[in-house]
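# kindly return the folded structure for what I paste below:
(4 chains)
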4 protein chains.
Amino acid sequence: MNADEVTAFLDAAFPPATRSLLGEVQSLALNHLRMRLDPDPSMRRPGDIVSGPAIMALVDVAAYGVIAAHHGPEAMAVTHSLSITFLRACRFEPIIADAQILKLGRRLASVDVRIWQRTPERLIAQSTVGYSLP
Amino acid sequence: MNADEVTAFLDAAFPPATRSLLGEVQSLALNHLRMRLDPDPSMRRPGDIVSGPAIMALVDVAAYGVIAAHHGPEAMAVTHSLSITFLRACRFEPIIADAQILKLGRRLASVDVRIWQRTPERLIAQSTVGYSLP
Amino acid sequence: MNADEVTAFLDAAFPPATRSLLGEVQSLALNHLRMRLDPDPSMRRPGDIVSGPAIMALVDVAAYGVIAAHHGPEAMAVTHSLSITFLRACRFEPIIADAQILKLGRRLASVDVRIWQRTPERLIAQSTVGYSLP
Amino acid sequence: MNADEVTAFLDAAFPPATRSLLGEVQSLALNHLRMRLDPDPSMRRPGDIVSGPAIMALVDVAAYGVIAAHHGPEAMAVTHSLSITFLRACRFEPIIADAQILKLGRRLASVDVRIWQRTPERLIAQSTVGYSLP
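So this is what the prediction gives:
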């Protein structure tokens, strides 16, 4: 797949109202997918920060996208486990998710997802996601 | 706090559109809070299952609620880490979250959250959530 | 398997020097195995506490034992993921591990392990372990 | 600290018999520490692989070392949480641990640790470790 194909795959995989909360594909490379999310007002929490569940949803879709791009779209992967550490408050401004495949096995895929704002060094969260492959 | 006070606290903590996606307090006991979520159509995914991020949002709010109930509502706790394992597909029907405090320290609180449907033995997910206390 | 058979299985699975650092089976019930470890001097750390890795090794063997007891000893399970939260310092005195199967699937097993001392309420750590089944 | 000082710090922090199972400092850079472990026969498991707990002990010490190098040795950090995913069997041959600080806060430090053999792309495990700072 190329980046446009991943976009089309994600657009088809989610209902439109949900899809719009999950960010856009920015770039695709070997074992890597970058997505960008402009937060929606519904994600705003006191202190002008973005809610944790909105970030977890972005992590999950970025991991899903990078697996689809490398494993193929025909088979449906399901989230098996997700572990996330929040490192800084997420400001109400654009958010980048860098998803990198750690291992694409026959039955399980593991993906590292880093969430950042402004610069890659200003990490908001790190997550490791396990997907079961059918 | 009693169960009604936790409900009022959660109602005040989230914008109404978000709050309605986060379930209702069912019962409160020492170190334990039970919530129930009737899934919203926006959470539906192919195969008539509930999306993983909707479950993670329920986990997060249940942990938040049980901490507020025992630590007090004045201070704002923030999610520090969350680890979840998905055990079974979540059907599009009522979901129960049982949140139990493992440790309420001065700076960190750890909460075990179990998600189930129909009977407590039919676990959908288990999660351990760490909250930073201010 | 009964408790003696789990003991025999663990005795055969580890070299003797390692096995002696991994505790003894105390009881076995449906989906549940309890082990007890009397810490070895090599596990002692400043402040008279037991080292984190010694606790993680106990968690891992308790999860392994409860899976073998319910899945059968013939096939070799391997740890796929482990997530642990340390809740209190572990004193240099007997340690109990309660391992409970959350889900025994065809390909993956998930086990909750609680480490405690003196009383089950005085939790030292909670861990969720995923094992791959061959 | 420089690499020799981290080595001296680790040598002082663990009893000699334990220390010898925890690998050697290879290099230190900003936010990064690399350690190397030549596995001990006690770590060998059937199939000529290295045990999971031996890898977790290496993860823990590498995270501890990189925090000490950047936070200072005077104060004692304790492991708060550890999440690890095993990606491949670990052969009975030299093991490298790359520990990178994700965030060094006032009260909590988060470290990403990657375990590999032969080449950095051949990942054996990925772990995220949280340490409480006193």
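# so, low pLDDT: which residues of chain A?
Filtered on pLDDT under 70, chain A yields the residue ranges A:74-75.
# and the residue nearest the centre of it, which helix or strand is it part of?
In chain A, the centroid-proximal residue (C-alpha atoms, centre = their mean) is A:Ala62; its distance is 2.2 Å. Using DSSP states H and E, A:Ala62 sits within helix A:52-71.
# is that helix in proximity to chain D?
No. Helix A:52-71 is not in contact with chain D by C-beta under 8 Å from any C-beta of the partner chain; minimum separation 12.5 Å. (Each C-beta comes from the backbone N, C-alpha and C, glycine too.)
# what does stretch A:84-94 give?
Yes. Using C-beta under 8 Å from any C-beta, stretch A:84-94 reaches chain D at A:Thr85, A:Leu87, A:Arg88.
# of all the residues in that stretch, which ones are buried?
A:Ile84, A:Thr85, A:Phe86, A:Leu87, A:Cys90, A:Arg91, A:Phe92 (16 or more other C-beta atoms under 10 Å in any protein chain shown).
# put the alpha carbons of that stretch into PDB.
C-alpha atoms of stretch A:84-94 as PDB (Å, rounded to 0.1, in the frame of the first residue of the first chain):
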ATOM      1  CA  ILE A  84       0.500   3.600  27.200                       C
ATOM      2  CA  THR A  85       2.500   6.000  29.400                       C
ATOM      3  CA  PHE A  86       1.500   9.600  29.400                       C
ATOM      4  CA  LEU A  87       4.600  11.800  29.600                       C
ATOM      5  CA  ARG A  88       3.300  15.400  29.300                       C
ATOM      6  CA  ALA A  89      -0.100  17.200  29.000                       C
ATOM      7  CA  CYS A  90      -1.300  17.200  25.400                       C
ATOM      8  CA  ARG A  91      -2.100  20.800  24.300                       C
ATOM      9  CA  PHE A  92      -5.100  21.600  22.200                       C
ATOM     10  CA  GLU A  93      -3.100  21.800  19.000                       C
ATOM     11  CA  PRO A  94      -2.000  19.400  16.300                       C
END
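# and it, how far out from the chain's middle?
Here stretch A:84-94 is found 14 Å from its chain centre; the criterion is C-alpha atoms, centre = their mean, to the nearest Å.
# so what touches it?
A:36-39, A:43-44, A:47-50, A:52, A:55-56, A:59, A:115, A:117, A:122-127, B:78-83, D:102-103, D:105, D:110, D:128, D:130 (C-beta atoms under 8 Å, 6 or more residues apart in numbering or on different chains).
# so what's A:Ala13 closest to, chain neighbours aside?
What sits nearest to A:Ala13 in space, not counting adjacent residues and going by C-beta to C-beta, 6 or more residues apart in numbering or on different chains, is A:Tyr64, at 7.5 Å.
# mind listing what that neighbour touches?
Contacts of A:Tyr64 by C-beta under 8 Å, 6+ apart are A:Leu10, A:Ala13, A:Ala77, A:Thr79, A:Tyr131.
# report the buried residues of stretch A:111-122.
A:Val111, A:Asp112, A:Val113, A:Arg114, A:Ile115, A:Trp116, A:Gln117.
# now, which of these lie within helices?
Among the buried residues of stretch A:111-122, no member is found in helices (DSSP state H).
# of the residues you listed, closest to B:Leu30?
A:Ile115 (35.7 Å; C-beta to C-beta).
# now stretch A:90-100, how far from the centre of its chain.
Counting by C-alpha atoms, centre = their mean, stretch A:90-100 comes out at 9 Å from the chain centroid.
# around chain B, pick out the residues from chain A.
A:13-15, A:17-18, A:42, A:44, A:46, A:51-53, A:56-57, A:60, A:76, A:78-86, A:89.
# out of these, which are buried?
Of the residues of chain A next to chain B, these count as buried by 16+ other C-beta under 10 Å: A:13-14, A:18, A:44, A:51-53, A:56-57, A:60, A:79-86.
# how about the secondary structure of A:Tyr131?
strand (DSSP: H, G, I helix; E, B strand; the rest coil).
# for it, what are its contacts?
Counted by C-beta under 8 Å, 6+ apart, A:Tyr131 has contacts A:Ala63, A:Tyr64, A:Ile67, A:Ala77, A:Val78, A:Thr79, A:His80, A:Leu108, A:Ala109, A:Ser110, A:Val111.
# kindly recompute the last result at 7 Å.
Shown in contact with A:Tyr131 (C-beta atoms under 7 Å, 6 or more residues apart in numbering or on different chains): A:Ala63, A:Ile67, A:Ala77, A:Val78, A:Thr79, A:His80, A:Ala109.
# A:Ala17: which element?
helix A:16-19.
# distance from that helix to the middle of the chain?
15 Å.
# now the element after that helix, going C-ward?
strand A:24-29.
# sheet-wise, list the partners of that next one with their directions.
strand A:32-37 (antiparallel) (DSSP bridges).
# in the partner strand, which residues are buried?
A:His32, A:Leu33, A:Arg34, A:Met35, A:Leu37.
# tell me which parts of chain A are close to chain C?
For chain A, the residues found near chain C under the criterion C-beta under 7 Å from any C-beta of the partner chain are A:Ser81, A:Ser83, A:Arg107, A:Gly130.
# try it again with 10 Å
A:His80, A:Ser81, A:Ser83, A:Gly105, A:Arg107, A:Leu108, A:Ser110, A:Thr128, A:Gly130, A:Ser132 (C-beta under 10 Å from any C-beta of the partner chain).
# now the second one, nearest residue through space, not along the chain?
Leaving out its chain neighbours, the residue that sits closest to A:Ser81 by C-beta to C-beta, 6+ apart is A:Gly130, at 4.2 Å.
# and A:Arg107, what does it touch?
A:His80, A:Tyr131, A:Ser132, A:Leu133, A:Pro134, C:His80, C:Arg107, C:Leu108, C:Ser132 (C-beta atoms under 10 Å, 6 or more residues apart in numbering or on different chains).
# mind checking which of the contacts of stretch A:84-94 are in strands?
A:36-37, A:44, A:49-50, A:115, A:123-127, B:78-83, D:102-103, D:110, D:128, D:130 (DSSP state E).
# sort out which of the buried residues of stretch A:84-94 are in strands and list them.
A:Ile84, A:Thr85, A:Phe86.
# from A:Gln100, how far out is the last one?
With distances defined as C-beta to C-beta, to the nearest Å, the gap from A:Phe86 to A:Gln100 amounts to 19 Å.
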